[in-house]
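# Sequence plus the predicted model coming up.
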Amino acid sequence: MTTTSIIKAALDVLNTEISGIKLLRRTFDSNFVVAIKELSKLKGRVIITGIGKSGHIANKIASTMSSTGTPAQFCHSNEMSHGDLGILSSKDILMIISNSGNSSELKDVISFSKKNKIKTIGISSNTNSELMQSVHYPLLLPIAKEACAVGKAPTPSTTMTLVLGDALCVALMNFKKFKIAAYQKIHPGGDLVLSLLTVQ
């Protein structure tokens with residue numbers, strides 16, 4: 001490949017990703033608003049689960065949510081089927097991420113949450129999936145073309161999920177009026193906290 005063709009390939013990915021993110025506007029609907037309100041009343045934790053690339057995104061969302069005032073924890077869906085379902089309580093909200101919404105690894109998690117009356121948020125691009133038909137608050141991802149050469153590797157789909165997660169975290173911060181003083185308390189280390197310090 002020439003330098004020009006390599007740069008073109010990169011720009012094609014960028015443009016495809018941007019197109020996917022723009023489609024995400026559709027997801028910010030009444031279900032999103034209700035999900036934020038439910039998250040703001042949380043007495044326990046947000047347990048976020050997913051498989052494969054969705055699992056990696058779920059881990060990041062849990063980290064961001066915890067650092068912005070809402071206790072959250074990532075739990076791998078396979079591990080939940082092998083005992084980690086015990087982490088869930090009726091005070092928690094379970095967020096399940098799956099682009100297809102039909103991953104077999106999620107069946108135990110969905111079944112457990114139903115039996116134990118745990119409130120659930122689902123993120124998927126398949127409105128007719130088992131996941132989206134089962135959760136209390138479905139957040140539908142738009143279907144977007146993947147940016148990879150074979151059109152299968154999750155690229156814009158995971159980017160959209162990550163942006164949706166950031167939107168959930170920031171909207172929740174705003175709704176709960178999470179202040180800089182609270183942010184400082186849970187960020188005692190690193191350069192970030194130094195930038196927040198005031199001179200006495």
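Arrived safely, thanks for sending.
# element containing the residue most central in space within the chain, please.
Note on the chain: the residue nearest the mean C-alpha position is Gly165, at 4.0 Å, using Cα atoms, centre = their mean. Per DSSP states H and E, Gly165 falls inside helix 156-175.
# Look at Pro138 and give its secondary structure.
strand (DSSP: H, G, I helix; E, B strand; the rest coil).
# who are the neighbours in contact with the nearest residue to it once chain neighbours are set aside?
With Cβ to Cβ, 6 or more residues apart in numbering as the criterion, Pro138 has its nearest non-adjacent residue at 4.4 Å, and that residue is Met132. Yep, even glycine has a C-beta here, placed from its N, CA and C like the rest. Contact analysis of Met132 by Cβ atoms under 8 Å, 6 or more residues apart in numbering lists 101, 122, 124, 126, 138, 140.
# Distance check, the closest residue to the second one other than its chain neighbours against Val33.
Yep, that's Gly122 we're talking about. Ranked by Cβ to Cβ, 6+ apart and with sequence neighbours excluded, the top spatial neighbour of Gly122 is Val135, at 3.6 Å. Between Val135 and Val33 the computed distance is 16 Å (Cβ to Cβ, to the nearest Å).
# Between these two, point out the one with more neighbours.
A direct count of neighbours by other Cβ atoms under 10 Å for Val135 and Val33 places Val135 higher, at 25 against 13.
# and that one, what does it touch?
Counting by Cβ under 8 Å, 6+ apart, Val135 has contacts 96, 110, 120-122.
# Could you report the separation of the residue nearest to the centre of the chain from Ile18?
18 Å.
# Now do Lys145, the pLDDT please.
On pLDDT, Lys145 comes in at 88.
# Find me the pLDDT at Lys179, would you?
71.
# do Thr155 as well
93.
# How about the one 10 residues further on?
Here, the pLDDT recorded for Gly165 equals 97.
# How about it: what's its closest non-neighbour residue?
Gly165's closest residue in space is Ile61 (Cβ to Cβ, 6+ apart), at 3.5 Å.
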